[in-house]
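Trainee: give the three-dimensional model of this entry:
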Amino acid sequence: MIRRNADLHVHTTHSDGLCSPSEVVVAAAGVGLAALAITDHDTVSALTVARAEADRLGVELISGVELTCEFEGREIHVLGYFFRDDDDDLNAAMDRLRVGRASRFQAMIDRLTELGMVVDPKAVRRCFPRAVLGRRHLAEYLARTNQVGGVRDAFDRFLADGRPACAAKPMLDADEAIGLIRRAGGVASWAHPPYNLRLESLRTLADAGLQAIETAGPGIQNRVGRRFRDWAATLDLVPTAGSDFHAPDRPGRWVGAITTPDAVLDRLRARRPSNPTSA
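Mentor: Numbers count the residues shown, from 1 in each chain. As a prediction, this is how the structure comes out:
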């Protein structure tokens, strides 16, 4: 089989995905992908698990992560690619985020309990033994225990931003996240930018070291993607793409549904800093 293209945005059970690292690699091989980036939220633990399967199946496994960040007063996500996943500073920052996530998770459990829901933290962990637990897992638990009508109902009533059980999310400053990725030898891309993104905001992050922007994905409409690609050309950013895969039952978001062409992947690879420690 001649393998082509890369899915540069895939999640596993190590964050909020429902498939294991090995399962997403098998899925990538099954649809003929040449490369795959596992981009779990604020963790790189899936990479070690996935490497053996990727080597066995002949799929290039690109080190990836999706960092939770704050920029201009709003939450954004920065994707990192091709970095050293054992980099001390990057891992220390992700550790801080995970500690903050754990505190947030407990705060949401406390609020749900005050609202009359029954949440057993140990039972939630048993349901998702390898995950970095978050709102999605609480919503799944409430749905599985028949306390809500479904995951969407749990978010609408309790867990969405501004709802009574939601708690503030720990975030890195976007400039800090970009610097951490660059100093670890990687390339930073803006994940699923908002439809109302301003060119001036994109230029600000490009000046801070951002080298790519996601211009195709399940939440990016075609006309918006075209605008992002035009801006990428203006600012000399690489236009990346990926499925944002989380679960096999989400239409249009399976592994390999949206891909980055080989030539664009080569451009992204070439943006790795030649002297990472000074990036």
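Trainee: drop to CA atoms for contacts and neighbour counts, all remaining ones
Mentor: Will do.
Trainee: which residues of the stretch 151-279 of the chain score low on pLDDT?
Mentor: Across the stretch 151-279 of the chain, residues meeting the criterion (pLDDT under 70) sit at 277-279.
Trainee: can you give me the helices for it?
Mentor: Applying DSSP state H, counting those that start in this stretch to the stretch 151-279 of the chain gives helices spanning 151-154, 174-183, 199-207, 222-235, 262-270.
Trainee: for this protein, which strand is longest?
Mentor: For the chain, the strand that runs over the most residues, judged by DSSP state E, is strand 60-71.
Trainee: picking up where we left off before, name the stretch among the helices of the stretch 151-279 of the chain that sits most buried.
Mentor: helix 174-183 (a mean of 24; mean count of other CA atoms under 10 Å).
Trainee: what's in contact with that one?
Mentor: 67, 69-71, 76, 78, 80-81, 83, 89-90, 187-188, 205, 208-210, 272-273, 276-279 (CA atoms under 8 Å, 6 or more residues apart in numbering).
Trainee: restricting to C-alpha, output stretch 132-151 in PDB.
Mentor: Extracted C-alpha coordinates of stretch 132-151, given in PDB (Å, rounded to 0.1, in the frame of the first residue of the first chain):
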ATOM      1  CA  VAL A 132      -6.900  13.000  32.000                       C
ATOM      2  CA  LEU A 133     -10.300  13.500  33.600                       C
ATOM      3  CA  GLY A 134     -12.400  16.500  32.600                       C
ATOM      4  CA  ARG A 135     -15.900  17.700  31.900                       C
ATOM      5  CA  ARG A 136     -16.500  15.200  29.100                       C
ATOM      6  CA  HIS A 137     -15.900  12.300  31.500                       C
ATOM      7  CA  LEU A 138     -18.200  13.700  34.100                       C
ATOM      8  CA  ALA A 139     -20.900  14.200  31.500                       C
ATOM      9  CA  GLU A 140     -20.400  10.600  30.300                       C
ATOM     10  CA  TYR A 141     -20.600   9.300  33.900                       C
ATOM     11  CA  LEU A 142     -23.800  11.200  34.600                       C
ATOM     12  CA  ALA A 143     -25.300   9.800  31.400                       C
ATOM     13  CA  ARG A 144     -24.100   6.200  32.100                       C
ATOM     14  CA  THR A 145     -25.700   6.400  35.600                       C
ATOM     15  CA  ASN A 146     -29.000   7.700  34.100                       C
ATOM     16  CA  GLN A 147     -28.800  11.000  36.100                       C
ATOM     17  CA  VAL A 148     -29.200  13.000  32.800                       C
ATOM     18  CA  GLY A 149     -30.700  12.400  29.400                       C
ATOM     19  CA  GLY A 150     -27.300  12.200  27.700                       C
ATOM     20  CA  VAL A 151     -23.900  13.900  27.400                       C
END
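Trainee: buried set for that stretch?
Mentor: By 16 or more other CA atoms under 10 Å, the buried positions in stretch 132-151 come out as 132-143, 147-148, 150-151.
Trainee: just to be sure, E75 is in a strand?
Mentor: Yes. Inclusion of E75 in a strand is indicated when DSSP: H, G, I helix; E, B strand; the rest coil is applied.
Trainee: residues in contact with it?
Mentor: 68-69, 171.
Trainee: what about D55, neighbour count?
Mentor: 12 (other CA atoms under 10 Å).
Trainee: any idea how far F245 is from it?
Mentor: 21 Å (CA to CA, to the nearest Å).
Trainee: what of R227?
Mentor: For R227, the distance to F245 - CA to CA - is 23 Å.
Trainee: next: A233.
Mentor: 26 Å.
Trainee: again with G80
Mentor: Applying CA to CA to G80 and F245 gives a distance of 16 Å.
Trainee: G186 too?
Mentor: Taking CA to CA, one finds G186 at 22 Å from F245.
Trainee: of all residues in the chain, which one is nearest the centre?
Mentor: E66 (3.5 Å; CA atoms, centre = their mean).
Trainee: where along the stretch 51-200 of the chain do the strands fall?
Mentor: Here the stretch 51-200 of the chain has its strands, by DSSP state E, counting those that start in this stretch, at 60-71, 74-81, 172-173, 187-191.
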